[in-house]
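In: need a structure here:
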Amino acid sequence: MKIILLYGGKSPEHDVSILSAFSVISAVYFDYYQVQLVYIDRTGQWVKGPLLTEAPETDETLRLTWDPTGTDVEGFTGKVIAPGDIKEDDAIVFPVLHGPNGEDGTIQGFLEVLDMPYVGAGVLASSSAMDKIMTKYILQAAGIPQVPYVPVLKNEWKENPKQIFDKCEGMLLYPMFIKPANMGSSVGITKAENREELQNALKEAYRYDSRAVVEQGIEAREIEVAILGNADVRTTLPGEIVKEVAFYDYNAKYIDNSIKMAIPAEIPEEVSDKAREYAKLAFTMLGGSGLTRCDFFLTNKNELFLNELNTMPGFTEFSMYPLLWANMGLKYGDLIEELIQLGLNRYKQQAAFE
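Out: This next block holds a predicted model:
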């Protein structure tokens, strides 16, 4: 069977996608699969690379080169294609794409139209989890605790910034965290200690989206639970992002690799059980399938607040999601295999309703 590895993308998380894709392909069981590389560059150009029958030695294999005219393949490792050209029988797509145009339901909808099985969450779960404001509405309906927040539209802020500032300061206390509604991995997220910083933080968030969310900052540990399954949902023991600085930005997480983890997290058993319960409920409420990482805040009073869900978490060698499953006894290659089978099963179940 063929795995079509889809990676890169137009989002700011392009480079992380390449690192994740390399980690995935390094763990694929090539006794059973061939891997077709399909790269999406930063402009949205689709490029078909070689068909691999063994794991590459370095990620340079994934960094395809191509003739921009789309005609000459000599001397290049890839060829420009139309997106629909990935359609094949007896193949499953593994979209290792992070952020907008990757895990927000757009690629998932495209693959549904192509009638191809794929790894991960479907259209609704992907789009809902990617949108921080919609996620909060769904969590609120499910009764899952979260920190206080204020959604802010760019047009509202431009028309009457004072009203927005007054609303935020009336409902929240400094420090506040300001985030684009549709973005992940700390991209565009800023901490504000006063009104001037709040204004600058909103400007930064609106570079990425026309909607932002302002959240109450709290002193808390960062606890994460990995989820795997379709109808039968499994969760891991929580892991912890161990803070050495007040706030980890995108560079700290992925470029500098300065994140430290504790797996499993040193927390009371009842807190661990509650985190896993909330994670499973949130996953179910969003209509999740395949995989998700669920992120929490944990205060010194052992209060849990669900922060967000990530339907295509990082798969780099230092990413929390695969490490959490490794702690549960599920090694990387077996995890990839389970995700493939979950995607195939979901596709078959959907076909049964047609």
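
In: verify the stated contact: Ile263 with Trp325.
Out: No. Counting by Cβ atoms under 8 Å, Ile263 does not reach Trp325; the two are 10.1 Å apart. All C-beta atoms are positioned from the backbone trio N, CA, C, and that covers glycine.

In: so for these two, which sits in the more crowded spot?
Out: Neighbour count, other Cβ atoms under 10 Å: between Ile263 and Trp325, Trp325 has more, with 20 against 16.

In: just give me the neighbour total for the nearest residue to the more buried one once chain neighbours are set aside.
Out: Leaving aside its sequence neighbours, Trp325 sits nearest to Leu335 (Cβ to Cβ, 6 or more residues apart in numbering; 5.1 Å). Around Leu335 sit 22 other residues, with neighbours defined as other Cβ under 10 Å.

In: how about the one 5 residues further on?
Out: Burial of Ile340 is recorded as 22 neighbouring residues (other Cβ under 10 Å).

In: with the one 10 residues further on instead?
Out: By the criterion of other Cβ under 10 Å, Gln350 has 13 neighbours.

In: so where do the strands sit in the stretch 151-300 of the chain?
Out: All strands of the stretch 151-300 of the chain, identified by DSSP state E, counting those that start in this stretch, fall at 176-180, 190-192, 211-216, 221-229, 233-235, 239-242, 260-262, 290-298.

In: just to revisit the earlier point, other SSEs contacting the strand or helix carrying the residue nearest to Trp325?
Out: Using DSSP states H and E, Leu335 maps to helix 332-352. If contacts are counted by 3 or more Cβ pairs under 8 Å, 6 or more residues apart in numbering; DSSP states H and E, helix 332-352 sits against helix 14-27, strand 91-96, strand 221-229, strand 290-298, helix 320-327.

In: which of these sits closest to Pro151?
Out: When the helices and strands packed on helix 332-352 are compared by Cβ to Cβ, strand 290-298 sits nearest Pro151, at 18.7 Å.

In: roughly how far out does the very next helix or strand once past that closest one sit from the chain middle?
Out: Counting by DSSP H and E, the element after strand 290-298 in chain order, helix or strand, is strand 304-310. Centre-to-centre, strand 304-310 and its host chain are 13 Å apart (Cα atoms, centre = their mean, to the nearest Å).

In: for strand 304-310, packing partners?
Out: With contacts defined as 3+ Cβ pairs under 8 Å, 6+ apart, the packing partners of strand 304-310 are helix 123-130, helix 132-142, helix 269-285, strand 290-298.

In: tilt between it and strand 211-216?
Out: 160 degrees (axes from the mean of the first three to the mean of the last three Cα atoms, to 10 degrees).

In: quick one: contacts of strand 304-310?
Out: Strand 304-310 is contacted from outside by 103, 129, 132, 135, 139, 144-147, 184, 218, 220, 222-223, 271, 274-275, 278-279, 282-283, 286, 288, 292-299, using Cβ atoms under 8 Å, 6 or more residues apart in numbering.

In: are any of those buried, and if so which?
Out: The neighbour-count criterion (16 or more other Cβ atoms under 10 Å) marks 103, 129, 132, 135, 139, 144, 146-147, 184, 220, 222-223, 271, 274-275, 278-279, 282-283, 286, 288, 292-298 among the contacts of strand 304-310 as buried.

In: and stretch 37-53, what's buried?
Out: Judged by neighbour count (16+ other Cβ under 10 Å), stretch 37-53 contains these buried residues: Leu37, Val38, Tyr39, Ile40, Asp41, Gln45, Trp46, Val47, Lys48, Gly49, Leu52.

In: equivalent analysis for stretch 328-340, please.
Out: Neighbour-count burial for stretch 328-340, counted by 16+ other Cβ under 10 Å, picks out Leu330, Tyr332, Leu335, Ile336, Glu337, Glu338, Leu339, Ile340.

In: with that, I have no additional questions.
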